[in-house]
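# following is a predicted model, sequence given first.
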There are 2 protein chains.
Amino acid sequence: MTDDAPGLDADQLDAYFALMEVGNLIQHAVEQQLRAEGDLSGVQFSILAQLSGAPGGSARMTDLADGVVYSRSGLTYQAGLLDKAGLITRRPSADDERSTTVTITDAGRARVARVLPGHVDVVRQMLVDPLSRRDLGTLGAVLIRVRDHLRAAPPRSAKPRSRGGSAKDS
Amino acid sequence: MTDDAPGLDADQLDAYFALMEVGNLIQHAVEQQLRAEGDLSGVQFSILAQLSGAPGGSARMTDLADGVVYSRSGLTYQAGLLDKAGLITRRPSADDERSTTVTITDAGRARVARVLPGHVDVVRQMLVDPLSRRDLGTLGAVLIRVRDHLRAAPPRSAKPRSRGGSAKDS
DNA sequence: TATTGTTATACTCTATAACTATA
DNA sequence: TATAGTTATAGAGTATAACAATA
């Protein structure tokens, strides 16, 4: 239907703009809270949170990169900061010496625990409270569908690395 | 109900994480497109788009700041770049000499027109296509409700400036 | 005195390319 | 040769505080 339309209709644009504005406002508020209460950036918190949920509190750099999008060097930079702060440790992986296994420390878990209440508070105030439980459920369901779609179709064309794969067209 | 709950339940967290991830992925893609096709950052595009829709293609710096969130100095910086590029003009406001009236130029409008198709394309691919029209409508409606809520209750506590207002408690 | 905007400055973050080491 | 990660470096962007000018 929307195949050769030069633009999007009003509803579609509204949804897009609202999504971006809401996302930015929440992100901004969350980053302020994380910085104030835990001296963490949003990215750093994401890394720690991801490790918290991982088996053994560990993951390889590559796994983390998949969840944080950023460039590898950017991840190395952030991991360096977290390491220096004693919130994670890094060591060569056991099975593959090329890999680095990142592990969250007790201090790291404590830091997450420290900022989590405030973090949750911000999310609740900005996103959860203004919606009925039912609407929030709907929102989540729809967004998860979008997310899965986006994960399945990564930055087509980008990623000179990591995608490697089958069809080398040169 | 969720009054003294220490955390959010799984559904609520899912919605939050999905929102942030989708927002970040789209923003990232959009910024790449804007940079590649129009040599614009996302913020710069926002400013130009806002001016495009304003009467006379003009707005005061303060009006722009309200729509872009960032600090005033950040806005001045971005406006400086747009000015240097010939995409906007700045001059003291007629009615209030303190204010700066920013106006989009023909070149500015042309630049917006140039990047818009690709911009719309990205949004369609990432957000519109994977959803039914109905789901997208629902998504938009819910997010708009959240957005209005957030706009009504600005960064409570923040903004030493601009909020001025009634109750000076000192 | 309050408000609008700019400037100076310091800092954080991200990306690109070159490089090392292991598979 | 391909993959995992780091390093060096450069550039963009943001925020804070001090400042100038008008209301």
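That came in fine, so what should we check first? Predicted model only: the values in this text are computed from it and were never measured.
# A:Arg134: how many residues sit nearby?
When neighbours are defined as other C-beta atoms under 10 Å in any protein chain shown, A:Arg134 has 8 of them. All C-beta spots, glycine's among them, are computed from the backbone N, C-alpha and C.
# my bad, A:Leu13
Number of residues near A:Leu13 (other C-beta under 10 Å) recorded here: 15.
# now do the host helix or strand of it and helix B:10-38, the angle between them.
For A:Leu13, the host element (DSSP states H and E) is helix A:10-38. Put simply, helix A:10-38 runs at 110 degrees to helix B:10-38, going by axes from the mean of the first three to the mean of the last three C-alpha atoms, to 10 degrees.
# which parts of helix A:10-38 are buried?
Within helix A:10-38, the residues that count as buried by 16 or more other C-beta atoms under 10 Å in any protein chain shown are A:12, A:14-27, A:29-31, A:33-34, A:37-38.
# stretch A:120-127 now?
Neighbour counts over stretch A:120-127 (16+ other C-beta under 10 Å) mark A:120, A:122-127 as buried.
# ok, now stretch A:73-89?
A:75, A:78-79, A:82, A:87-88.
# ok, so of these, who is nearest B:Leu136?
The shortest approach to B:Leu136 among the buried residues of stretch A:73-89 belongs to A:Leu75, at 32.9 Å (C-beta to C-beta).
# re the thing from before, got CSV for the buried residues of stretch A:73-89, with distance to DNA strand D, secondary structure and pLDDT too?
Shown next, in CSV, are these (distance: C-beta to the nearest atom of the strand, whole Å; DSSP: H, G, I helix; E, B strand; the rest coil; pLDDT from 0 to 100):
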residue, distance to DNA strand D, secondary structure, pLDDT
A:Leu75, 7, helix, 96
A:Gln78, 9, helix, 97
A:Ala79, 6, helix, 97
A:Leu82, 11, helix, 98
A:Leu87, 15, coil, 98
A:Ile88, 10, strand, 98
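# closest one to B:Ile47 out of those residues, please.
Using C-beta to C-beta, A:Gln78 comes nearest to B:Ile47 of those, at 29.4 Å.
# mind listing what the residue nearest to A:Pro92 when sequence neighbours are not counted touches?
Among residues not flanking A:Pro92 along the chain, A:Thr100 sits closest, at 6.4 Å (C-beta to C-beta, 6 or more residues apart in numbering or on different chains). Taking C-beta atoms under 8 Å, 6 or more residues apart in numbering or on different chains as the contact definition, A:Thr100 lies against A:60-61, A:90-93.
# the strands in chain A, which residues?
Along chain A, counting by DSSP state E, strands occupy A:58-60, A:88-92, A:100-104.
# who are the packing partners of the worst-scoring helix or strand of chain A on mean pLDDT?
Across the helices and strands of chain A, mean confidence by mean pLDDT, DSSP states H and E is lowest for helix A:61-68: a mean of 87. Contacts defined by 3 or more C-beta pairs under 8 Å, 6 or more residues apart in numbering or on different chains; DSSP states H and E place helix A:61-68 against helix A:42-53, helix A:72-84, strand A:100-104.
# in that helix, which residues are buried?
So, applying 16+ other C-beta under 10 Å, buried residues of helix A:61-68: A:61, A:63-65, A:68.
# from A:Thr76, how far out is the residue nearest the centre of chain A?
For chain A, the residue nearest the mean C-alpha position is A:Val68 (4.7 Å; C-alpha atoms, centre = their mean). With distances taken as C-beta to C-beta, to the nearest Å, A:Val68 is found 12 Å from A:Thr76.
# since that was my last question, I'll sign off now.
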